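Q: Got a sequence here, can you model it:
(2 chains)
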Amino acid sequence: MTLLAAWYDIRDLSNAVTHLLEWVGDWGPSWLVYVLSAVIGGAAIFGFAAAGALINSWIERRAIGRFQARLGPNRVGPFGLLQPFADVLKLMLKEPLFPRLLERWLFVLAPIVVFIPAVMVFGVFPFGPGMTFVDLNVGVVYVLAISSLGVIAVFMAGWSSANKFSLISAMRVVAMLVSYEVPMVLALLGVVVFAGTMSLSGIVVWQQQYHVWIIVLQPLAAAIYLIAGTTELNRTPTDIAEAESELVAGYHTEYSGMRFALFYAVELVNALAVSAVAASLFLGGWWLFGLDRWLPGWLIFIGKVYAVYGLLIWLRGTLPRLRIDQLLAFAWKFLLPLAMANVIVTAFEVVIWVEYDLSAGVVLPLFAIVNVALAAVLIGGWAKLMSYRFERLPKRALLVHDIAVPATSTPMSTEQV
Amino acid sequence: MADVHSEPFVINLGPQHPSTHGVFRMRLTLDGERVLDMDMTVGYLHRSTEKLAEERTYIQNIPFTDRMDYLSAMTNNLAYCLAAEKLLGIEAPERAQYLRVIMSELQRLANHAMAIGAFANDCGAWQTPLMYMFREREKILDLFEMTCGARLTTNYVRIGGVSFDVPPEFVPAMTALLAEMPRRIEEYASLLTENEILLARARDVGVLSAADAIDCAVSGPMLRASGVAWDLRKAEPYCVYDRMDFDIPIGVNGDCYDRMVVRLEEMRQSVRILEQALAQMPQGPVKINVPLAVRPPVGEAYARVESPKGELGFYLVSDGGPTPYRFKIRSPSYINLTPLKQMMVGHNVADAVIILGSIDIVLGEVDR
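A: Numbering: from 1, shown residues only, chains lettered A, B, ... in the order given. Next up, the predicted model:
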C-alpha cells in the first residue's frame, strides 16, 4: 500500500483504525498497538456478528412471512424493526430453568461453546480490500475447522439435557455434520486448487485479477458447498437436529432464557458465516466488475452475503425436511462422488493450464464451459437416477365414477349364530 | 462391532408434543431411530359426550356434535340430525338438503386444506403449505360465519332442516371462491406432489394394503388411498348426493403420499359438487318445525355420512322419552387409528410422525 487514504474515507472502514494505530505507534509502546488493534478488531467482529443476529432475525421472519402469504412481525416499531430487541428483552427476563437430572456444567457451558466459534469465524472474512481482521494464509482451513467446532457444543447440549429428544437430536447432529464435512472440504478444495491460495482475501484477489467469479469455474463446488453449508446450519431442508415436528426443539429443548437465545443467535450468525464464505469464495467477495471503484468494498461484500442469505431463506420457506438416513445417504452417495469428480477434473485443468503455460484469457472461458456442462450433466443425471423409483407410480389419484355396492346386508343368518 | 451393547429405549411422543395433533400419546420403543413397538394411549380429551347426551333433549345434543370433530362441525351436525330424522320419520325440505350438501362440501374443502397443510408441516415444511391452505380455509370459514354466525362450532344443521337460510351475499362470495379454488388447488399440487423431498419422505411410508384397510374398518380418504373405491356419498347417497356428478379418487399404493393426493383430488371433486349444488338449488323453506322437546317413537336408528375423515355414524335408541336412551358415535378418527401400529413398526421416528399426520385425526373425535 503506497499512501493511506484519509481517515474519513468510508470506502474502507479500516482507514480510521489504521490512522489511529499509526498515531499511537508514533508515541506509544508497540505492545499497545497490538492490544489496541486486537481489541478494536475483536469488538468490530463481535459487533458485526451480534448486529447480524438481530437484523437477520428480523429479515428472516419478515421474509418467511411474505413467503407464507402473511405479514410477519410488524407491530413493534416501524415495520416491526424493533421486534428483535423486544425478543432479546423478553428472553433476558425469562427464568433459566434447570431440570433436576441434567449435567449442570456441560449444560451451562454448551451455549457459550457454541457461540464463540460462530463469532471467531468472522475474523478471516475479507470485508473489503485490506479490511480483514486476520488475513490468515490458511483461511479456508481455519473456517472449516472453526465452523465444525460447533458440533461439540451441540452434542454437549444434547447429552447434558437428560432429555431423550435432545439425545436423539445430538446423535443426529454428530452423524450429519461428520458426513457433510467431507463433501464440503472437497468442494472447497476445488476452489483452492484453482486459486492456488488458501487465504480468503487471496482468493478474492485472484478472482479480481482474472475477472471471473469462481462460481462460473466451479459450479459443482458451489452447489455442493451450498447444500453442505445449509446442512450445517440446521435449516429447514435439513433441520433434522431441531425437527420441530419430531423432536420438539432438538438439542435445545431444555434451554430457556438467554441460553436459548444464544443457540438461536448462533443459527442466524452461522447462516451469515456460510453466506460470507460463499460470497467471498464463489461470488468474488468485494470485487464487482470494476464497480468496486465507486462503491465501498464492504457494501458490495455485505450485499453479496445477503443475496446468498436470501437464497437460504427461500429454501427454508419452500422445502420439507429430509429424513436422517436419506440425508446421510445423500451426502455419501450423491455429494461425495460429485465432489471427488469435481476435484479430479479441476486438478487436470490446472495441470494443463500450468504445464502448457496457456494464457488465462483462452483457458478460463474454456474451463468455464467444460465445468458448467459437467455440472449440468452430473447433477441432472444423478437426479434422474435418484428420482427413478418415484416415477413408477402415478402422482395423481385415479378417478372412479361408479362404485360397486354390495347387496343390502341381510340380517344375520342362523348358521352364523 | 459385534460386542457393542445396545438396548432399545422408550420415548413418549405426546400428550404434549408439537405434532400429535392434540393430546394423543404414543409410547415408542426405539432401536436408535427405528420404531420397534408402539403403544397408543387415548382418552386425554375424553368428555363423556355419549353419556352426557343421554341427559339432554335431541335438539340440545346438536352442539355436542360440533365439539367432536371441531374441524368439520357441519358434517357432524348433519350425521346426527340425519339419525334423529330417521328416528322421527321426517325429512328436511329440498332447499335444506341442498344447503346441507353445500355446507358438507365446503367443510370438506376446509378440513382437507387443514389436513394436507398439517401433514406437510409434519414432513417439516415449516408452515408454508399450511399457511397457504389457511388462506382459502379462512374464506370458507367466512362463508360459515355469514350463514350461521360461527366459524368452527357451527351448530347449523337442525332436525328437520337447517337453522337459517343463507344470506343474499352468500352466493356471490361462494361463486368467487369457487372460481378461485381450482387455481389454488393446482398451486398446492405443484407445491406438494412434485416435490422430491416430499416424495422421498412419504412414498412407501406407512403402507396399508386394501385387505388390511378393510379388516381394520378404516374409512374415508385413508381407505380410498389404499385402493378401495368406497364412498358413502355414492354407496348410500344421503341428502341430494345422488343428483350430483362426481368421481371418487383412489390411490394405488396406500402410502402417506397417496393419502395426500387423494385428499387433493377430493378437493377438486368437492368444487365440482359445489358448482352443481349451487346451480340446482331450488327456492323454498329450509326447515320444518319440530317441537323443542320432541319425543320420537320407541325404536332405534343408525345414520352415517361420509365426513371428511371417513364414515361418521350416529346410533340412536329412543325409549319414547324426550332424551335419547342411547347415543353411540362411530367416529372415523378413532377407528382409523386401528392400523397405526401396523403401519408404524419398522419405520423411523420421523416417519412415525408423518404416518400419524397422514391419518388426519382430531382428538376431539378420537376421545369424544
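Q: Which residues are in contact with B:Pro322?
A: With contact taken as Cβ atoms under 8 Å, 6 or more residues apart in numbering or on different chains, B:Pro322 is in contact with B:Thr57, B:Tyr58, B:Ala293, B:Val294, B:Arg295. (C-beta placed from N, C-alpha, C; glycine too.)
Q: out of those, which is most surrounded?
A: The residue in these with the most neighbours, by other Cβ atoms under 10 Å in any protein chain shown, is B:Tyr58 (27 neighbours).
Q: Distance check, that residue against B:Arg295.
A: According to Cβ to Cβ, to the nearest Å, B:Tyr58 stands 9 Å off from B:Arg295.
Q: Could you pull up phi and psi at whatever residue of the stretch 1-150 of chain A ends up closest to chain B?
A: Proximity of the stretch 1-150 of chain A to chain B (Cβ to the nearest Cβ) peaks at A:Gln68, 3.8 Å away. A:Gln68 has phi and psi values of phi -100, psi 20 when expressed as degrees, to the nearest 10.
Q: give the contact list for it.
A: A:Gly317, B:Gln127, B:Thr128, B:Met131, B:Tyr132.
Q: among those, which ones are buried?
A: The neighbour count (16 or more other Cβ atoms under 10 Å in any protein chain shown) marks A:Gly317, B:Gln127, B:Thr128, B:Met131, B:Tyr132 as buried among those.
Q: three-state assignment of the closest residue to B:Arg295 other than its chain neighbours?
A: In space, B:Arg295 comes closest to B:Pro322 once its chain neighbours are excluded; the distance is 5.4 Å by Cβ to Cβ, 6 or more residues apart in numbering or on different chains. Using DSSP: H, G, I helix; E, B strand; the rest coil, the structure places B:Pro322 in coil.
Q: The residue lying closest to B:Gln276 once chain neighbours are set aside: neighbouring residues, count only.
A: Leaving aside its chain neighbours, B:Gln276 sits nearest to B:Met244 (5.3 Å; criterion: Cβ to Cβ, 6+ apart). Residues contacting B:Met244 under the criterion other Cβ under 10 Å number 20.
Q: I figured B:Met244 was touching B:Glu275, is that so?
A: No: B:Met244 lies out of contact with B:Glu275 (Cβ atoms under 8 Å); the separation is 9.7 Å.
Q: sorry, back to before: what is the nearest of the buried ones among the contacts of A:Gln68 to B:Ser19?
A: Comparing the buried ones among the contacts of A:Gln68 against B:Ser19 with Cβ to Cβ places B:Gln127 closest, at 12.4 Å.
Q: how near is that closest one to B:Gly22?
A: 18 Å.
Q: Mind pulling the model confidence for the closest residue to A:Phe98 other than its chain neighbours?
A: Of all residues not flanking A:Phe98 in the chain, A:Arg104 sits nearest, at 6.8 Å (Cβ to Cβ, 6+ apart). Note on A:Arg104: pLDDT of 80.
Q: And the closest residue in space to B:Asp31 that isn't next to it in sequence, how close does it get to B:Gly220?
A: Nearest in space to B:Asp31, with sequence neighbours left out and distances taken as Cβ to Cβ, 6+ apart, is B:Pro8 at 5.0 Å. Distance, B:Pro8 to B:Gly220, using Cβ to Cβ: 33 Å.
Q: Can you pick out the residue with more neighbours from the two?
A: Applying other Cβ under 10 Å to B:Pro8 and B:Gly220 shows that B:Gly220 carries more neighbours, namely 27 against 13.
Q: mind listing what the closest residue to that one other than its chain neighbours touches?
A: Closest residue to B:Gly220 apart from its sequence neighbours, by Cβ to Cβ, 6+ apart: B:Gly310 at 2.7 Å. With contacts defined as Cβ under 8 Å, 6+ apart, B:Gly310 is in contact with B:Val218, B:Ser219, B:Gly220, B:Pro221, B:Met222, B:Leu223, B:Pro332, B:Ser333, B:Ile335, B:Asn336.
Q: contacting residues around the fourth one?
A: Shown in contact with B:Pro221 (Cβ under 8 Å, 6+ apart): B:His112, B:Arg259, B:Val262, B:Arg263, B:Glu266, B:Pro308, B:Lys309, B:Gly310, B:Asp360.
Q: Most neighbours among those, please name it.
A: Neighbour-wise, the contacts of B:Pro221 (other Cβ under 10 Å) top out at B:Arg259, 31 neighbours.
Q: can I assume it is in contact with B:Gly357?
A: No: using Cβ under 8 Å, B:Arg259 is not in contact with B:Gly357, being 9.4 Å away.
Q: I'd say the residue nearest to A:Phe98 and A:Ala110 touch.
A: No: assessed by Cβ under 8 Å, A:Arg104 is found out of contact with A:Ala110, at 11.0 Å.
Q: So which of the two has more stuff around it?
A: The residue with more neighbours, out of A:Arg104 and A:Ala110, is A:Ala110; 27 against 9, by other Cβ under 10 Å.
Q: Check that one and give its pLDDT.
A: Reading off the model, A:Ala110 has pLDDT 87.
Q: Quick check: which element contains A:Leu399?
A: Here A:Leu399, judged by DSSP states H and E, is contained in strand A:398-400.
Q: wait, B:Val353
A: Under the assignment here (DSSP H and E), B:Val353 is part of helix B:349-359.
Q: Run the chain-centre distance for that helix.
A: Relative to the centre of its chain, helix B:349-359 is centred 17 Å away, using Cα atoms, centre = their mean, to the nearest Å.
Q: Output that helix as CSV, restricted to C-alpha atoms.
A: The C-alpha trace of helix B:349-359 is given here as CSV (Å, rounded to 0.1, in the frame of the first residue of the first chain):
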residue,chain,number,x,y,z
VAL,B,349,-39.2,-41.7,14.3
ALA,B,350,-39.5,-39.1,11.6
ASP,B,351,-41.8,-41.5,9.7
ALA,B,352,-43.9,-42.2,12.8
VAL,B,353,-44.9,-38.6,12.9
ILE,B,354,-45.9,-38.3,9.3
ILE,B,355,-47.8,-41.6,9.4
LEU,B,356,-49.9,-40.2,12.2
GLY,B,357,-50.3,-36.9,10.3
SER,B,358,-51.5,-38.7,7.2
ILE,B,359,-54.4,-40.3,9.1
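Q: Can you tell me, leaving aside adjacent residues, what's nearest to the residue in the stretch 201-350 of chain A positioned nearest to chain B?
A: Residue of the stretch 201-350 of chain A nearest chain B, by Cβ to the nearest Cβ: A:Arg321 (2.5 Å). Nearest non-adjacent residue to A:Arg321, counting by Cβ to Cβ, 6+ apart: B:Gly124, 2.5 Å away.
Q: Any idea how many residues pack against that neighbour?
A: Taking other Cβ under 10 Å as the criterion, the count of residues near B:Gly124 is 28.
Q: and it, helix, strand or coil?
A: B:Gly124 ends up coil, using three-state DSSP.
Q: Isn't it up against A:Thr236?
A: Yes: judged on Cβ under 8 Å, B:Gly124 makes contact with A:Thr236 at a distance of 6.6 Å.
Q: what do the two both touch?
A: Common neighbours of B:Gly124 and A:Thr236 (Cβ under 8 Å, 6+ apart) are A:Pro320, A:Arg321.
Q: Show me what the closest residue to A:Lys164 other than its chain neighbours is bridged to.
A: Nearest in space to A:Lys164, with sequence neighbours left out and distances taken as Cβ to Cβ, 6+ apart, is B:Ile11 at 4.7 Å. With DSSP bridges as the criterion, B:Ile11 is bridged to B:Leu28.
Q: Could you check how far B:Ile11 is from A:Leu102?
A: From B:Ile11 across to A:Leu102, the span is 17 Å (Cβ to Cβ).
Q: Output the below-cut-off pLDDT ranges for the stretch 151-300 of chain B.
A: Counting by pLDDT under 70, the stretch 151-300 of chain B shows no low-confidence range.
Q: Right, I'll call it a day here.
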